[in-house]
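Visitor: sharing a sequence plus its predicted fold:
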Amino acid sequence: MSDSGYAKDVIVIGGGPAGYAAAIYAVRAGRSTLLIEGLQPGGQLTTTTEVENYPGFANPITGPELMTAMKEQALRVGTEFVNDVVESVDLSKRPFKVRVGKGEIEAKTLIIATGAEAKYLGLESEQTFRGRGVSACATCDGFFYRDLKVAVIGGGDTAAEEAIYLTNHASEVFLVHRRDELRASKIMSRRVADHPKITMKWNRVLDEVVGNDSGVTGVRLKDPRTDEIEELATDGVFIAIGHQPNTNFLDGQLKTDDAGYLITAPDSTQTSVEGVFASGDVQDSVYRQAVTAAGTGAMAGIEASRFLEEQG
Amino acid sequence: MSELIETGTDANFDEIVRGSDVPVLVDFWAPWCGPCRMVGPVLEEVAAEYAGKAKVVKVNVDENTVVAGSMGIRSIPTVALFHNGKLTDTLVGARPKQDFTAALDETLAGILPN
Ligand SMILES: Cc1cc2nc3c(=O)[nH]c(=O)nc-3n(C[C@H](O)[C@H](O)[C@H](O)COP(=O)(O)OP(=O)(O)OC[C@H]3O[C@@H](n4cnc5c(N)ncnc54)[C@H](O)[C@@H]3O)c2cc1C
């Protein structure tokens, strides 16, 4: 990578549906476009199995397949790819500076499409046993729990999906939720309730992960109403309490809401800094779908291109 | 896969990993694991840069359940660092290259001076 001071028209940060769509639109508008993919090329969908709601596929396509196809499309139209992680950016003046492991690159416009990643509860025991029984990805790690018992923490669609997926491997799945009703959709809640391998643990929160040198041996649950403690013997714990936007590398240079999502202007992907656009899960706390991420990605590609036109 | 990377199995693990003269980074992966696909190319670069000083072995956990089981692997990607037959470090999840090289450098710093 050169430090020659030659600035790209557009740098897209993030290789999920939002980033790929942004790049496709920017390149096709004639802009030199570089996309930095980070640690998860293809984004969150690479961690799931079948995607049944992305339009265009009459037969369900798998997440990894869909993302490979999107990336190939971005490559074919002429996006330049960099396999690296953005460590920091300098948005104080244009061209913007983007620091990656291998050096520094400059850009006339930036599109932030760094998505979101699974949240953890923040317990010390959770950290201690990460990778040794604590996981946030059932499709990645479910395989290791064949005929074993696992707990899933959470009450939304993700938690319900993870619990159902885990029944393919585990002998018994406990779904631990702090309330007495799931937030998940009706269909998912019904599937969970009817599943013979899933046992609901209502009104319980994860108090501590229990384990020894060889990994997790159980979970300590607490009833938030009475503080009563219950221990369950499990071999694994899957944390499914939601996602948080990836904005650390921005170091507060762009405005966010209280939950950390980037704020964009109404009907636009424009962030609080002129020439910097944001799309996908990093700025969307509401829809969080691949197709909406691709949609706002396309908007960002078009807006970045128009911005360059106006700036001359 | 690059020629620099060896394939570890239940059968050869003791020989090529525990019996290695140089530190070994062992990449536990599976074809169905999305995040694992990031680690592969990174470790190829590491293998090239550390050729002769350290090596990289990939173990498909789908096909080699004995090794993965005995190591207590419960999440992939997991990269384990072995030196002199012993496990010296474990790195769970997709990570930047510096994490792997830092772990190797630390181990190498401990053995190279003499
Ligand atoms: C298990 C699971 C199942 C799902 N199933 C569906 C489904 O069936 N249908 C659906 O529509 N949606 C589904 N979703 C949601 C969907 O995956 C997301 O809405 C979508 O991926 C968001 O796209 P994105 O491009 O905004 O971000 P992401 O897909 O999160 O991609 C973010 C990208 O940014 C990169 N990045 C992050 N930080 C940096 C950095 N510092 N430097 C460089 N790059 C960085 C990452 O490497 C990644 O490439 C699912 C999500 C999960 C977790």
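Guide: Sure, I can see it. Keep in mind that what you see is a predicted model, and the values were worked out from it rather than measured.

Visitor: show me where pLDDT drops low in chain B?
Guide: B:1-2, B:111-114 (pLDDT under 70).

Visitor: excluding chain neighbours, what is closest to the residue in it that the ligand sits nearest to?
Guide: For chain B and the ligand, the shortest gap (CB to the nearest ligand atom) falls at B:Met38, measuring 7.9 Å. From N, CA and C alone the C-beta is placed, and that goes for glycine too. Distances taken as CB to CB, 6 or more residues apart in numbering or on different chains put B:Ala94 closest to B:Met38, at 4.4 Å, once the chain neighbours are dropped.

Visitor: I'd assumed A:Gln40 was in contact with the one you found.
Guide: Yes: B:Ala94 is within contact range of A:Gln40, at 6.3 Å (criterion: CB atoms under 8 Å).

Visitor: what's the overlap in contacts for these two?
Guide: Residues touching both B:Ala94 and A:Gln40 (CB atoms under 8 Å, 6 or more residues apart in numbering or on different chains): B:Pro35, B:Met38.

Visitor: how far away is A:Thr217 from A:Tyr145?
Guide: In this view, A:Thr217 and A:Tyr145 are 13 Å apart by CB to CB, to the nearest Å.

Visitor: equivalent analysis for A:Thr264, please.
Guide: 40 Å.

Visitor: cool, A:Thr139 as well?
Guide: As judged by CB to CB, A:Thr139 and A:Tyr145 stand 12 Å apart.

Visitor: the spatially most central residue of chain B is in what secondary structure piece?
Guide: Chain B has B:Val26 as the residue nearest its centroid, 1.7 Å off, counting by CA atoms, centre = their mean. Per DSSP states H and E, B:Val26 falls inside strand B:24-29.

Visitor: hmm, back to that, more crowded one of A:Thr139 and A:Tyr145?
Guide: The neighbour comparison of A:Thr139 against A:Tyr145 (other CB atoms under 10 Å in any protein chain shown) goes to A:Tyr145, with 23 against 19.

Visitor: where does that one fall, phi/psi-wise?
Guide: The phi/psi pair for A:Tyr145 (degrees, to the nearest 10) reads phi -120, psi 30.

Visitor: that one reaches A:His169, doesn't it?
Guide: Yes: here A:Tyr145 reaches A:His169: they are 5.1 Å apart, a contact under CB under 8 Å.

Visitor: tally up the residues packed near the residue nearest to B:Glu49 when sequence neighbours are not counted, please.
Guide: Spatial nearest neighbour of B:Glu49, excluding adjacent residues (CB to CB, 6+ apart): B:Thr101 at 7.5 Å. Look at B:Thr101: counted by other CB under 10 Å, it has 18 neighbours.

Visitor: do the same with B:Thr90
Guide: Residues contacting B:Thr90 under the criterion other CB under 10 Å number 17.

Visitor: equivalent analysis for A:Arg179, please.
Guide: Neighbour tally, A:Arg179, other CB under 10 Å: 11.

Visitor: got the confidence number for it?
Guide: A:Arg179 carries a pLDDT value of 95.

Visitor: now do the SS call for it.
Guide: Using DSSP: H, G, I helix; E, B strand; the rest coil, the structure places A:Arg179 in coil.

Visitor: what's near enough to touch A:Gly236?
Guide: A:Gly236 sits next to A:133-135, A:141, A:144-145, A:148-151, A:170, A:216, B:74 when contact means CB under 8 Å, 6+ apart.

Visitor: emit the ChimeraX select command for whichever of those residues are buried.
Guide: Selection of buried members from these for ChimeraX, criterion 16 or more other CB atoms under 10 Å in any protein chain shown:
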select /A:133,134,135,141,144,145,148,149,150,151,170,216 /B:74
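
Visitor: for the contacts of A:Gly236, give me JSON lines that also has distance to the ligand and secondary structure.
Guide: Conversion of the contacts of A:Gly236 to JSON lines gives the following (distance: CB to the nearest ligand atom, whole Å; DSSP: H, G, I helix; E, B strand; the rest coil):
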{"residue": "A:Gly133", "distance to the ligand": "19", "secondary structure": "coil"}
{"residue": "A:Val134", "distance to the ligand": "17", "secondary structure": "strand"}
{"residue": "A:Ser135", "distance to the ligand": "12", "secondary structure": "strand"}
{"residue": "A:Asp141", "distance to the ligand": "12", "secondary structure": "helix"}
{"residue": "A:Phe144", "distance to the ligand": "17", "secondary structure": "helix"}
{"residue": "A:Tyr145", "distance to the ligand": "17", "secondary structure": "helix"}
{"residue": "A:Leu148", "distance to the ligand": "21", "secondary structure": "coil"}
{"residue": "A:Lys149", "distance to the ligand": "22", "secondary structure": "strand"}
{"residue": "A:Val150", "distance to the ligand": "16", "secondary structure": "strand"}
{"residue": "A:Ala151", "distance to the ligand": "18", "secondary structure": "strand"}
{"residue": "A:Ala170", "distance to the ligand": "17", "secondary structure": "coil"}
{"residue": "A:Val216", "distance to the ligand": "21", "secondary structure": "strand"}
{"residue": "B:Arg74", "distance to the ligand": "18", "secondary structure": "coil"}
